[in-house]
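Enquirer: give me a 3D structure for the following:
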Amino acid sequence: MAENKIFAGPRVRRMRNGLGLTQTSMAEGLGISPSYLNLIERNQRPLTVQLLLKLASVYKIDLDELQGESGGVATQLREVFADPLLTGEVPSPQELVEVADAAPNVAGGIMKLYRAYREQAERLSDLAGLMARDGQGSSLSSARLPIDEVRDAFEHCSYYFAAIDDAAETFHEQLKPGDDLPAALKTWLQKTHGVVVRTLPIHAMPNLRRRYDRHSMRLFLSERLSPFDRLQEMAMEACLLMLQPEIQASLETLDLSSPEAKRLARFELARYAAHALIMPYGSFLAAAQRFRYDLDLLASRFQVSFEQVANRLVSLGRSSAPGIAFFLMEIDQAGNRFRKIGAHGFPHSSFGGLCPRLNIHAAFSQPGQLMAEAAEVLDGDTFLTIARTIEGPKTAFGERVRRTAILLACDITQGAETIYGDVARVTSGTVGIGVSCRLCERSGCLSRAQAPVTRPLGLDEMVTGLSVFDFQ
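Expert: Sure thing, here's the model as predicted:
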């Protein structure tokens, strides 16, 4: 029967030093040579079961201490080294375990420094937001991943790309789809480029939405996708083939710094082009105005999803025929933000989107239900906000649904043109919101989650306010 072996040299050395023993004296107590103990402490020899029992009986050592918690420490170190600031310095998982084992205090110090760095970065971000709110520029920056660069680019540009929209509208006319755009796209892909579209079962593509096989000229779509998403994937492939010059020209206007960022932005522009093809500008704007921007009716009219309609409404920025200046944000239930688009309508300085009082957060309590209300920021500006949850690809039994929420908003004066503006007029009042808790000076807020950086806390032993972050 093979012995169980444990390599725990650094822990043995720490225990020996804690007991004030030399290697020679501990080796005598364990009945082994000093040179063998030296090899154990350098992880060149294992701790056998017999040695573990000897350590426990002679030195009253808890054997659980030799198991250690290096796994948890190594996981935290892995998070530290995943920061973009340390790009190119990522050690192997084994190295992290060795650091956690050999120098736990050093590992703890690294994590404390990293937490302090992140806290300072958040404070600088808050101060930058405060300066932007006051109309002052800021040169504060930090290392960013390509996806962060892409999100920032789309967040601060007008989400209307004229060249793509015009070309997509022309392409739609050439297809002459009638009432069956999916069939028209399949026919065009096969006749023009020899691309055959096939839907594959989940077991054949368990982790993919789509896959284009250049060798066999086949576009595979997962059966997890709804008919709306399958249409979008086909439209994206057609636009990448037909509108490549327009997509490339629009990509160059974003001024991205890395090939990876450009690849991600090209995918976003391809999705934009797909929406423009499925919902051509002229006919979509006319329908939106006729339906008073009722998202469900528009989704039914163009046979698309709520999410696709919401994204298309943000892109109605043609100067000769503009729509309402909507802006859009998408988050998950934990508050992670995925998208924020619509710079021509988004009031960046006063509407940050992180306020817990926004109905986008409440939408998760009523999945699939549309919520509309008026929201007023501290400077007095009021917005019509429309929120609803959306779900990702279909899941099998036992799989967790991917659920996010979309916030679609516009100035309240433009909101009066929508069917949802009627809700704002009949409600008893508006919801007071802020940019974020750290920058919000609204007193008596039951939803406050953080102390404001602009005011000192006014804690008083004799008086307790509604919030644990009472300020002066």
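Enquirer: nearest spatial neighbour of Ile419, chain-adjacent residues omitted?
Expert: Closest residue in space to Ile419, ignoring its immediate chain neighbours: Arg292 at 4.2 Å, by Cβ to Cβ, 6 or more residues apart in numbering. C-beta: built from backbone N, CA, C; applies to glycine.
Enquirer: measure the one you found to Gly282 for me?
Expert: 18 Å (Cβ to Cβ, to the nearest Å).
Enquirer: neighbours of the residue nearest to Ile419, just the number please.
Expert: Using other Cβ atoms under 10 Å, Arg292 has 14 neighbouring residues.
Enquirer: ok, the one 3 residues further on next?
Expert: Counted by other Cβ under 10 Å, the residues lying close to Leu295 total 25.
Enquirer: likewise Asp165?
Expert: The tally of other residues near Asp165 (other Cβ under 10 Å) stands at 24.
Enquirer: what's the answer for Ala287, then?
Expert: By other Cβ under 10 Å, neighbour count at Ala287 equals 16.
Enquirer: repeat for the one 4 residues further on
Expert: Each residue near Phe291 was counted by other Cβ under 10 Å, and the total is 16.
Enquirer: skipping its backbone neighbours, what lies nearest it in space?
Expert: Leu297 (4.5 Å).
Enquirer: the one you found and Gln289, how far apart?
Expert: Applying Cβ to Cβ to Leu297 and Gln289 gives a distance of 12 Å.
Enquirer: same question, Val304
Expert: 18 Å.
Enquirer: the two: which is more packed in?
Expert: Val304 (23 against 15).
Enquirer: show me what counts as buried in stretch 351-365.
Expert: For stretch 351-365, burial by neighbour count (16 or more other Cβ atoms under 10 Å) applies to 351-363.
Enquirer: please measure how far the first residue of it sits from its last one.
Expert: End-to-end span of stretch 351-365 (Cα to Cα, to the nearest Å): 23 Å.
Enquirer: about what we covered before: just checking, the residue nearest to Phe291 touches Ala288?
Expert: No. Contact criterion Cβ atoms under 8 Å: Leu297 and Ala288 do not qualify, at 9.4 Å.
Enquirer: ok, these two, which is more surrounded?
Expert: The residue with more neighbours, out of Leu297 and Ala288, is Ala288; 24 against 16, by other Cβ under 10 Å.
Enquirer: ok, the more buried one - contacts?
Expert: Contacts for Ala288 (Cβ atoms under 8 Å, 6 or more residues apart in numbering) come out as Leu298, Leu313, Leu316, Gly323.
Enquirer: so it sits in a helix?
Expert: Yes. Under DSSP: H, G, I helix; E, B strand; the rest coil, Ala288 sits within a helix.
Enquirer: use 554 as the first number from now on
Expert: Happy to do that; since the first residue is 554 now, the last one works out to Ala841.
Enquirer: and the strands in this structure?
Expert: For the chain, the strands defined by DSSP state E cover 749-753, 763-766, 771-775, 880-885, 890-894, 924-929, 935-944, 956-964, 984-985.
Enquirer: flag every buried residue along the longest one.
Expert: In this case it means strand 935-944. Neighbour counts over strand 935-944 (16+ other Cβ under 10 Å) mark Thr935, Phe936, Leu937, Thr938, Ile939, Ala940, Arg941, Thr942, Ile943 as buried.
Enquirer: the last one reaches Phe859, doesn't it?
Expert: Yes. With contact defined as Cβ under 8 Å, Ile943 counts as touching Phe859 (6.2 Å).
Enquirer: alright, calling it a day.
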